[in-house]
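Trainee: below is the structure, and that's it, no one-letter string:
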């Protein structure tokens, strides 16, 4: 991913919020319940949708963009999809952006 594409991807406040929430889902989703452990499976898309206040199609698009960029991993359990951060990829993008900005 080019630095320009990374900046465009991260310029969306909802996508940034999702990444932030998934960094510490136990804290971010306090008061929400789901069947499976956050640490093992991630967070159910329906919880992310509820917290973000988005429609299902808008939530799906947001999550798909982040997943296509490699920043999220999806885990299908039954009919539900759970998402968690892909820390190695996030570190790669962070490093590439830092290098890019230092060399401007």
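Mentor: Arrived safely, thanks for sending. Keep in mind the model is a prediction, meaning the values are calculated, not measured.

Trainee: every contact and neighbour count from this point should use C-alpha atoms.
Mentor: Noted.

Trainee: isn't there a helix covering residue 74?
Mentor: No: looking at residue 74 with DSSP: H, G, I helix; E, B strand; the rest coil, it is strand, so not inside a helix.

Trainee: report the mean confidence score over whatever helix or strand residue 9 lives in.
Mentor: Element membership for residue 9, per DSSP states H and E: helix 3-10. For helix 3-10, mean pLDDT is 89.

Trainee: likewise stretch 38-51?
Mentor: Here the average pLDDT along stretch 38-51 is 94.

Trainee: contacting residues around that stretch?
Mentor: Contact partners of stretch 38-51, identified using Cα atoms under 8 Å, 6 or more residues apart in numbering, comprise 18, 22, 25-26, 29, 32, 34, 55-56, 59-60, 75, 80-84.

Trainee: can I have the buried ones of those as a PyMOL selection?
Mentor: The buried subset of the contacts of stretch 38-51, as determined by 16 or more other Cα atoms under 10 Å, is captured in PyMOL by this line:
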select buried, resi 18+22+25+26+29+59+60+75+81+82+83+84
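
Trainee: skipping adjacent residues, who's closest to the residue nearest to the spatial centre of the chain in space?
Mentor: The residue lying closest to the centre of the chain (Cα atoms, centre = their mean) is residue 19, at 4.0 Å. Take residue 19 and drop its neighbours on the chain: the residue closest to it by Cα to Cα, 6 or more residues apart in numbering is residue 85, 6.9 Å away.

Trainee: tell me who's in contact with the one you found.
Mentor: For residue 85, the contact set (Cα under 8 Å, 6+ apart) comprises 19, 22, 23, 71, 72, 73.

Trainee: nearest to residue 7, of those?
Mentor: residue 71 (13.2 Å; Cα to Cα).

Trainee: any idea how many residues pack against that closest one?
Mentor: Neighbour count for residue 71, taken as other Cα atoms under 10 Å: 21.

Trainee: next one: the one 3 residues further on
Mentor: The burial count assigned to residue 74 is 19, neighbours taken as other Cα under 10 Å.

Trainee: look up how far residue 16 lies from the nearest residue to it once chain neighbours are set aside.
Mentor: Spatial nearest neighbour of residue 74, chain neighbours left out: residue 83 (4.7 Å); criterion: Cα to Cα, 6+ apart. As judged by Cα to Cα, to the nearest Å, residue 83 and residue 16 stand 14 Å apart.
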